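Colleague: Make a model of this:
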Amino acid sequence: MTWLQLRLHVAAGDVAELEDALLGAGAAAVTLEDNADQPLLEPGVGETPLWNRTRLTGLFPADADMEAVLATLPGRVADSAQARVEILEDKDWEREWMQHYRPLQFGPRLWVCPSWLEPPEPDAVNLLLDPGLAFGTGSHPTTALCLAQLDNLDPAGKTVVDYGCGSGILAVAALKLGAARALGVDNDPQALRASRDNALRNGLPERALPVALPGEHIEQDFTGRADIVVANILAGPLVALSDTLLAFLAPGGTLLLSGLLATQADEICSHYADNLPLHIAGERDGWVCLRGQSRAPR
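Modeller: Numbering: from 1, shown residues only. Reported below is the predicted structural model:
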């Protein structure tokens, strides 16, 4: 199906009104993009930040009367919005995305490969991945940092907890690298389904990777017993969930934390300092992975 897209360049304060106007005029979808290369870092609780200069795009059926759509825009912003109507090429967008997802190597042994492509090194540790609707392909720096650390730690025979598992990429990678078992925890049921599917796709038995919503895992199986706990989330949740993450960790176990910027590392290290020392184990594109080891029993 062919679509028409209407692009508008607007100030943050006008976004809500224009979004409502486009939806009211029949837009099938409205998307927002940065129009000035302005970073938006982790928002505060209840905040929904927008770029100061935002590109707003409305998607309309090919037979939409775009002159009529333009006439519905508030006059005070229509003149400055640089409105542009374009024909959107008809594509299989799912397959278009798949074309840009390529095999990636992490550490000396581990490759993450799209499930629809042949692994480039058949004898390597190959993780076949289909992210589905859940976050986690290995392309983001924080995921890449965690994967490299897992390879470096050599999780063979160990128990792993992946908190905020997304697609299950970290838990499945640990199991492919020889971990005895892993637990995936996420507050999104879609992520839990993706993790299960990716475990099965990699030939792992269902019992090797149980998944659960927060607080719904079997406590006696994992609490205080994980040799490696990895959480690739955001700085705020890493602070808020510190007691939960530390409760999983066995004495002498390793904690990996990512999803945070280098500028946030000191705050996280300070927060965890009373329980275990953390240090920057890897950095990429301004993102870091922190690593620490809990105290072993004397």
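
Colleague: alpha carbons only for contacts and neighbour counts from here, please
Modeller: Fine.

Colleague: quick one, helices of the stretch 51-200 of the chain?
Modeller: 66-71, 75-78, 93-99, 141-153, 169-176, 189-201 (DSSP state H, counting those that start in this stretch).

Colleague: Give me the domain ranges for this structure.
Modeller: Following automatic domain parsing, the chain resolves into domains at 3-90, 139-293.

Colleague: What mean pLDDT does the shortest one get?
Modeller: Read it as domain 3-90. What domain 3-90 shows for mean pLDDT is 74.

Colleague: same question, stretch 247-261
Modeller: Averaging pLDDT along stretch 247-261 yields 95.

Colleague: Quick check: which element contains Leu256?
Modeller: For Leu256, the host element (DSSP states H and E) is strand 249-261.

Colleague: Show me the shaky parts of the stretch 51-200 of the chain.
Modeller: The model of the stretch 51-200 of the chain has pLDDT under 70 over residues 51-53, 76-79, 89-101, 131-138.

Colleague: again, only using 80
Modeller: Counting by pLDDT under 80, the ranges of the stretch 51-200 of the chain that qualify are 51-54, 74-82, 86-104, 107-108, 113-121, 124, 127-139.

Colleague: circling back: so for Pro114, which of the domains of the chain sits nearest?
Modeller: domain 139-293 (10.8 Å; C-alpha to C-alpha).

Colleague: What's the end-to-end length of that closest one?
Modeller: 27 Å (C-alpha to C-alpha, to the nearest Å).

Colleague: how distant is it from the center of its chain?
Modeller: Here domain 139-293 is found 13 Å from its chain centre; the criterion is C-alpha atoms, centre = their mean, to the nearest Å.

Colleague: Alpha carbons only: can I get the strand holding Leu256 in CSV?
Modeller: What follows is strand 249-261, C-alpha atoms only, in CSV (Å, rounded to 0.1, in the frame of the first residue of the first chain):
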residue,chain,number,x,y,z
LEU,A,249,23.9,-12.3,44.0
ALA,A,250,25.8,-15.2,45.6
PRO,A,251,28.8,-14.5,47.9
GLY,A,252,31.7,-13.9,45.6
GLY,A,253,29.4,-13.3,42.6
THR,A,254,29.8,-10.7,39.9
LEU,A,255,27.5,-7.8,39.2
LEU,A,256,27.3,-6.2,35.8
LEU,A,257,25.4,-3.0,35.4
SER,A,258,24.9,-1.1,32.1
GLY,A,259,22.4,1.2,30.4
LEU,A,260,24.1,4.3,31.9
LEU,A,261,26.3,7.1,30.6
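
Colleague: Give me the sheet partners of that strand and which way each runs.
Modeller: If you go by DSSP bridges, strand 249-261 pairs up with strand 226-232 (parallel), strand 287-293 (antiparallel).

Colleague: where's the closest residue to Leu73 other than its chain neighbours, which helix or strand?
Modeller: Residue nearest to Leu73 in three dimensions, not counting chain neighbours: Ala21, with 6.4 Å by C-alpha to C-alpha, 6 or more residues apart in numbering. Using DSSP H and E, the element containing Ala21 is helix 15-24.

Colleague: For whichever helix or strand comes after that helix, give me every contacting residue.
Modeller: Tracing the chain C-terminally past helix 15-24 and defining elements by DSSP H and E, one meets strand 29-34 next. Contacting residues not belonging to strand 29-34 are listed as Glu19, Leu22, Leu23, Trp51, Arg53, Thr54, Arg55, Leu56, Thr57, Gly58, Leu59, Phe60 [C-alpha atoms under 8 Å, 6 or more residues apart in numbering].

Colleague: and Leu153, how many neighbours?
Modeller: By the criterion of other C-alpha atoms under 10 Å, Leu153 has 13 neighbours.
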